[in-house]
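1. Below is the sequence, then the predicted model.
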Amino acid sequence: MKYGFTFIELLIGIAISSLIAGVLFFSFNQSQKASKVIEQMLSIEPTIMTISNQLEKDISGAFAPKFWFPQETSEKKSDIKPFEELKKPEEKKPIQPQKEEYQKIDKLFFSENLGENLKELTFITCNPLQAFDNYKPRMARVLYRFVPDEQSKGAYRLLRKESLNIDFAKFNAEKNTAPGVASGEAWVEYELGSNIKHFSVSYIFPEESKKEKQPPSVKPVSEAKKEEITYKTVSSWDNSKDKSLPDVPQFVIIKITLWDMYQEDEYEFELRYQIFAFEQSATKEEKAKQQAGSAMQRERSTTQSPGATPGAAGPGQRPTIGRPGLGDLIR
């Protein structure tokens, strides 16, 4: 028996087995990496895509609606007139122009925090959810709530609710209907995302300059200085307490931190949205022009004959078009 050849065969066997073991461990490592990527695709990406898509539709359509309600004049019913008085021609009384009054809507755009996280965010948007088995409203109030997840420690859930009730008090008093079913004006509150660690919102708006505008002087274009716009960032929004805040912000920045499936790794995202209906508060001169224009429009609308129906054209007049009411805002 030759012991040298046996030792060489043993070394060759160990080398071959080590190569096979190395290939197996390498393939196992690659499969673990692939499984993490797949788990991330299944747990992280659908959640952030759903949240980002819905927030973009809601926030980009946020606006401050203005409903016009004319003052109702209460006329007292007089007693029955005698026949002789009915023969007399009635004196035509001049029609007094109606004053425009806008209904005040509470919490047009409202945000409240709980610590570093968002507590609730509500506003009015013109991009409500599409209901295929029902009519689609032109606007709705949306409420986002960030609540703890009872089934997962250290995680939160993002809930969304939508309603046709623009009034926040009525909207908050609504009871949820069955999942996915609309009952009248109330809609169910559903979960938009879960397994969230952190959710904060920042609001950016241009700060108004405190300097009074002076009459423009004739200067060459090269010497004319452009007004610098300074932007201010706040973490909450309540213009009923802070009068310097406009009705809606111009930009919204959202920072989200998501847990993975096993709550071992964190994934941070930053979402930025622009509100296209942002309107900076008008100056005194612009407000005076708007009031003068609305007064001229009211005078034109009152030139029609007293017996004519609203919107009907009198002799030599164009038909007047009334402003849309609340019922016209729903398709």
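-> Perfect, I can see it now. All figures in this text were calculated on a predicted structure; none of them were measured in a lab. Residues are numbered from 1 along each chain as shown.
2. residues in contact with F26?
-> Contact partners of F26, counting by Cβ atoms under 8 Å, 6 or more residues apart in numbering, are absent. Bear in mind the C-beta positions are built from the backbone N, C-alpha and C, glycine included.
3. The helix or strand harbouring I16: what's the following helix or strand?
-> Using DSSP states H and E, I16 falls within helix 3-43. Going down the chain from helix 3-43, the next helix or strand is helix 45-60, by DSSP H and E.
4. Remind me what that following helix packs against, helices and strands.
-> Packing contacts for helix 45-60, counted by 3 or more Cβ pairs under 8 Å, 6 or more residues apart in numbering; DSSP states H and E, involve strand 117-125, strand 190-207, strand 251-259, strand 266-274.
5. I'd like to know which of these lies nearest to A155.
-> Counting by Cβ to Cβ, A155 lies closest to strand 190-207 out of the helices and strands packed on helix 45-60; the figure is 5.0 Å.
6. What strands flank the closest one, and is each parallel or antiparallel?
-> Strand 190-207 has its sheet partners listed here by DSSP bridges as strand 156-163 (antiparallel), strand 230-234 (antiparallel), strand 251-259 (antiparallel).
7. Can you say which of those is nearest to F123?
-> With Cβ to Cβ as the measure, strand 251-259 is the member of the strands paired with strand 190-207 nearest F123 (9.8 Å).
8. what inclination does that closest one have with respect to strand 117-125?
-> Angle, strand 251-259 to strand 117-125, by axes from the mean of the first three to the mean of the last three Cα atoms, to 10 degrees: 130 degrees.
9. can you start the count at 44 instead of 1 from here on
-> That works, and once the first residue is 44, the last one we named lands at strand 294-302.
10. Sort out which residues of strand 294-302 are buried, please.
-> Residues 294-295, 297, 299, 301-302 are the ones in strand 294-302 that count as buried (16 or more other Cβ atoms under 10 Å).
11. ok, of those residues, which one's closest to I63?
-> Comparing those against I63 with Cβ to Cβ picks out W302 as the nearest, at 38.1 Å.
12. How much space separates the closest one from G236?
-> Separation of W302 from G236 (Cβ to Cβ, to the nearest Å) stands at 11 Å.
13. do the same with F242
-> Using Cβ to Cβ, F242 is found at 9 Å from G236.
14. what sits in contact with each of these two?
-> The contact sets of F242 and G236 overlap at L201 (Cβ under 8 Å, 6+ apart).
15. one step back: want to throw the helices and strands packed on helix 88-103 into a markdown table with mean pLDDT and distance to S287?
-> What follows is those, written out as a markdown table (pLDDT from 0 to 100; distance: least, Cβ to Cβ, whole Å):
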| stretch | mean pLDDT | distance to S287 |
| --- | --- | --- |
| strand 160-168 | 94 | 18 |
| strand 233-250 | 94 | 8 |
| strand 294-302 | 95 | 17 |
| strand 309-317 | 94 | 21 |
